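Undergrad: Build me a model:
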Amino acid sequence: MGVVYHSNHFIWFEVGRVELLRQLGFSYRDMEAKDKCFIAVAEAKCRYRAPVRYDEEILVRTQLLNVRDAVIHFGYELRRAEDGTLLADGETTHIVTNADMKITALPEKYLNVFRAAVGKRNGKLS
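TA: Numbering: from 1, shown residues only. Got it, this is the predicted structure:
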């Protein structure tokens with residue numbers, strides 16, 4: 001069919017999420033290793049708007065939609081780089097856990113940064 005497999009959209013969402021954290025000044029790897037803070041996916045949605053063709057350059061736009069003490073909600077857009085066409089949009093909801101996968105509050109240093117970033121578009125990748 002000449003289009004990328006639908007599950008790749010969720011991989012691009014993850015890449016956008018990781019890049020957004022990097023743009024906010026820290027890495028997800030450091031959250032896990034240094035602070036024993038994990039953000040586990042509790043729900044994921046994607047609405048496919050137009051096909052993504054093989055070898056097509058896309059832009060991934062990621063933003064924080066909402067942040068609570070133990071829940072983080074991200075939004076995503078996938079756009080064709082050539083003309084800006086919306087290819088897909090989606091959301092993921094994450095729960096904050098410790099190393100034992102028990103729900104815990106997001107450490108204050110991350111919570112403050114996340115709350116300041118809510119609603120701002122970041123994580124632009126191509």
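Undergrad: all contacts plus neighbour counts: C-alpha atoms, from now on.
TA: Will do.
Undergrad: pull the longest helix from this protein.
TA: Criterion DSSP state H: the longest helix present in the chain is helix 8-23.
Undergrad: quick one: buried residues of the very next helix or strand once past that helix?
TA: Using DSSP states H and E, the helix or strand that follows helix 8-23 in sequence is helix 28-35. Neighbour-count burial for helix 28-35 flags 28, 31 (criterion: 16 or more other C-alpha atoms under 10 Å).
Undergrad: same question, stretch 61-72
TA: 61-67, 70-72.
Undergrad: average model confidence for that stretch?
TA: Averaged across stretch 61-72, the pLDDT comes to 96.
Undergrad: And the strands in this protein, which stretches?
TA: Using DSSP state E, the strands found in the chain span residues 38-48, 58-68, 71-80, 86-97, 121-125.
Undergrad: Which one, of those, ends up nearest to Phe10?
TA: Among the strands of the chain, the nearest to Phe10 by C-alpha to C-alpha is strand 38-48 (7.8 Å).
Undergrad: returning to that earlier point: nearest to Leu87, out of the buried residues of stretch 61-72: which one, please.
TA: The closest of the buried residues of stretch 61-72 to Leu87 turns out to be Arg61 (C-alpha to C-alpha; 11.5 Å).
Undergrad: Please report the distance of that closest one from Gly119.
TA: Separation of Arg61 from Gly119 (C-alpha to C-alpha, to the nearest Å): 12 Å.
Undergrad: again with Phe26
TA: 19 Å.
Undergrad: middle-most residue in the chain, spatially?
TA: By C-alpha atoms, centre = their mean, the chain has its centre lying nearest to Arg17, at 2.9 Å.
Undergrad: thought that residue was touching Thr62?
TA: Yes - counting by C-alpha atoms under 8 Å, Thr62 is a contact partner of Arg17 at 6.3 Å.
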